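Chemist: sequence plus predicted model, see below.
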Amino acid sequence: MATDGKSNLSFVLNKPLDVCFQDKPTPKINSPHDVLVAINYTGICGSDVHYWLHGAIGHFVVKDPMVLGHESAGTIVAVGDAVKTLSVGDRVALEPGYPCRRCVQCLSGHYNLCPDMQFAATPPYDGTLTGFWTAPADFCYKLPETVSLQEGALIEPLAVAVHITKQAKIQPGQTVVVMGAGPVGLLCAAVAKAYGASKVVSVDIVPSKLDFAKSFAATHTYLSQRVSPEENARNIIAAADLGEGADAVIDASGAEPSIQAALHVVRQGGHYVQGGMGKDNITFPIMALCIKEVTASGSFRYGSGDYRLAIQLVEQGKVDVKKLVNGIVPFKNAEEAFKKVKEGEVIKILIAGPNEKIEGGLDTTVDEKKLKEAKACGGSGCC
């Protein structure tokens, strides 16, 4: 069997800042519709780091040891009897949340809102920083030959950006402002550009982040100032010549001043999407929202079609996710990788699976140029 002699070593969080490696039993296929995947590469999300540091996010509390990780790609090593769309040897990007498929939200097409969602590395469910992972076949997306497994591990955050950007209803030729230039903000800018936006403005408080954003996807950038939200909004509109305001504004920061400025940047009748998560409650410019009749939306994870579109964008060269990756580390260095993310030393770093050999041309150390960029940026953004 393909798992013979292979490790199911897992990176386990016991409590805040207490992690260890455990060799767990290889999972079994319990449904004829499931597949067994050997994990090749996993990225680190801001939520992973938050659990590592604090042991909880909101009401999701780590009460028992939990395997971390959910941004993964791998290779199929076994398939259930009813699986027709995947075969052993296929390389796949993993969508790491599985809904009930029966509730009102699932049946209406909004399975990301399923109250019984089983999401990797969200208590009480284990994550994908492990050797082998079982998953429903329809939540594993075959990668085209031109898309690498490393790129496959970045499909998850790109799908988050696809879902956010879909809410903005962007049409070709429209203008878009993205508040925040962390990984998800950068990817939102890239997706907006792929949708045909004529102007994509990245806004942040760190100059080096904006330098990277300009090289990645943004047509314009704006360094936010310590002035009122209204003045920052006027400055953004003037800097990018947005006329009466942007057609769509996406907040990927979760920061209160950013959100406030965003509502003053969007034009009358425009779209505003809240993608970044921050404080539970903030002071919100409700008058600007009402008077301009702005359509405001929240965005949570991803839904139907988002993964497939994310893969297409990478396959067609419209979003170059490789530019975000600073380096690849062996599985034994997983905790070191988490520390690099926490300290703001990387934009994105990949952890090779425990059975993955990373010699032969792959970076096993952090790229120094990107390291300087990321460190100056003050860290990565959260999904």
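Modeler: Looks like it arrived, so ask away.
Chemist: using the three-state scheme, assign the residue most central in space within the chain.
Modeler: Centrality entry for the chain: nearest residue to the mean C-alpha point is Pro157, 2.0 Å, by CA atoms, centre = their mean. Three-state assignment for Pro157 (DSSP: H, G, I helix; E, B strand; the rest coil): helix.
Chemist: hmm, it is touching Pro183, no?
Modeler: Yes - counting by CB atoms under 8 Å, Pro183 is a contact partner of Pro157 at 5.8 Å. Bear in mind the C-beta positions are built from the backbone N, C-alpha and C, glycine included.
Chemist: local confidence estimate at the residue nearest to the centre of the chain?
Modeler: Pro157 is assigned 98 on the pLDDT scale.
Chemist: ok, now which ones touch it?
Modeler: Pro157 makes contact with Gly43, Cys45, Glu71, Pro183, Val184, Leu187, Lys348, Cys383, according to CB atoms under 8 Å, 6 or more residues apart in numbering.
Chemist: the second one and Ile57 touch, don't they?
Modeler: Just to be clear, that refers to Cys45. No - using CB under 8 Å, Cys45 is not in contact with Ile57, being 10.9 Å away.
Chemist: which neighbours in the sheet does the host helix or strand of Tyr141 have, and how are they oriented?
Modeler: Take DSSP states H and E as the rule and Tyr141 turns out to sit in strand 140-142. Using DSSP bridges, strand 140-142 pairs in its sheet with strand 91-94 (antiparallel).
Chemist: now the element after the strand it pairs with, going C-ward?
Modeler: Assigned by DSSP H and E, the successor of strand 91-94 is strand 97-98.
Chemist: picking that back up, if you rank the contacts of Pro157 by neighbours, which is first?
Modeler: With neighbours defined as other CB atoms under 10 Å, the most crowded of the contacts of Pro157 is Glu71; it has 32 neighbours.
Chemist: for Ser47, see how far away that one is.
Modeler: Here Glu71 is placed at a distance of 10 Å from Ser47 (CB to CB, to the nearest Å).
Chemist: ditto for Gly182
Modeler: 13 Å.
Chemist: any low-confidence regions in the stretch 101-250 of the chain?
Modeler: Across the stretch 101-250 of the chain, nothing is flagged by pLDDT under 70.
Chemist: neighbours of Gly275, how many?
Modeler: For Gly275, using other CB under 10 Å, the count is 28.
Chemist: repeat that for Ala239.
Modeler: Neighbour tally, Ala239, other CB under 10 Å: 14.
Chemist: angles on the backbone of it, please.
Modeler: phi -60, psi -30 (degrees, to the nearest 10).
Chemist: nearest residue to it in space, please, no chain neighbours.
Modeler: If the residues on either side of it in the chain are set aside, Ala239 comes closest to Tyr222, at 5.1 Å by CB to CB, 6 or more residues apart in numbering.
Chemist: how about the one you found: which residues does it bridge to?
Modeler: Val203.
Chemist: thought it was touching Ile237?
Modeler: No - Tyr222 lies out of contact with Ile237 (CB under 8 Å); the separation is 9.6 Å.
Chemist: now do the shared contacts for these two.
Modeler: Joint contacts of Tyr222 and Ile237 (CB under 8 Å, 6+ apart) do not exist.
Chemist: hmm, back to that, have a look at Gly182 and Ser47 and say which one is more surrounded.
Modeler: More crowded of Gly182 and Ser47, by other CB under 10 Å: Gly182, with 26 against 19.
Chemist: just for the stretch 251-383 of the chain, where's the confidence low?
Modeler: Judged by pLDDT under 70, the stretches of the stretch 251-383 of the chain that qualify are 359-383.
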